[in-house]
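Visitor: A structural model of the following input is requested.
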Amino acid sequence: MKKLFILFCIVIPIIGNGQSMTENPMNQEIQTLKRELKRSKSNLFEANKKINDLENKLTEISQLLILSIDSLNKVNIETKADVNRNFEVQAQNERAVNLALDGFQKKFEEQNRTMEGVKATLEKQWNQQLIIYLVLLLLAAAGVFFGIRISNNQTIEKYQSTWDKFNEYIIKRNN
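Guide: Model (predicted):
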């Protein structure tokens with residue numbers, strides 16, 4: 001490492017003295033550095049200008065974002081309120097439907113009881129009419145039976161009297 005360092009120290013002055021004397025190399029380097037410095041300052045100015053523009057845009061976007069978040073929060077609150085109102089309305093509607101169904105069920109049960117009562121009344125009336133028809137049929141049969149019997153008795157009596165008259169006539173004639 002020492003050897004390299006010594007070699008470096010020897011070679012550098014030799015190379016440095018080997019430059020031409022036409023123009024001062026330091027001036028050229030200074031001029032180049034000044035141009036680069038100007039370009040860098042210009043680039044730095046443009047970069048600062050862009051940074052300022054971006055900061056302004058970022059501020060505007062931040063404000064818009066804050067306004068949007070506030071608006072979304074308001075909409076979210078309104079939506080929650082609407083949802084809560086809708087739930088309340090739905091609960092009220094459900095209660096109303098339940099009450100209507102209860103009323104319908106009561107009316108349906110009442111109608112069933114009425115129908116059972118009507119059915120029982122109709123069966124009772126049918127049974128009564130059937131009994132009345134049977135009694136009337138029996139009375140009619142008894143009436144027909146007794147009517148026929150009376151008619152037969154009358155007819156037998158009539159024929160008996162006619163037969164008796166005929167026999168008397170025959171006996172009178174034979175005597």
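
Visitor: any idea how far Arg113 is from Trp126?
Guide: For Arg113, the distance to Trp126 equals 20 Å [C-beta to C-beta, to the nearest Å]. Placement of C-beta: from N, CA and C, glycine included.

Visitor: likewise Asp70?
Guide: Asp70 is 81 Å from Trp126, by C-beta to C-beta.

Visitor: and if you look at Ala142?
Guide: To Trp126, Ala142 is 24 Å away according to C-beta to C-beta.

Visitor: Then Lys57?
Guide: Lys57 is 96 Å from Trp126, by C-beta to C-beta.

Visitor: Could you do Ile30 as well?
Guide: As judged by C-beta to C-beta, Ile30 and Trp126 stand 134 Å apart.

Visitor: Asn98 too?
Guide: In this view, Asn98 and Trp126 are 41 Å apart by C-beta to C-beta.

Visitor: now the helices for the chain?
Guide: Taking DSSP state H as the test, the helices found in the chain are 2-17, 25-174.

Visitor: Least confident of these, on average?
Guide: Among those, helix 2-17 carries the lowest mean pLDDT, at a mean of 63.

Visitor: Would you reformat the helices of the chain as CSV and include mean neighbour count?
Guide: Below are these laid out as CSV (neighbours: other C-beta atoms under 10 Å):
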stretch, mean neighbour count
helix 2-17, 9
helix 25-174, 10
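
Visitor: Return the distance of Ile156 relative to Tyr169.
Guide: Applying C-beta to C-beta, the value for Ile156 to Tyr169 is 19 Å.

Visitor: Same check on Asn76?
Guide: 133 Å.

Visitor: Quick check: the residue nearest in space to the middle of the chain vs Val83, distance?
Guide: With distances taken as C-alpha atoms, centre = their mean, Gln90 lies nearest the centre of the chain, 11.2 Å away. The gap separating Gln90 from Val83 is 10 Å, by C-beta to C-beta.

Visitor: Kindly report the same for Ala47.
Guide: 50 Å.

Visitor: Next: Glu116.
Guide: Relative to Val83, Glu116 is positioned 48 Å away (C-beta to C-beta).
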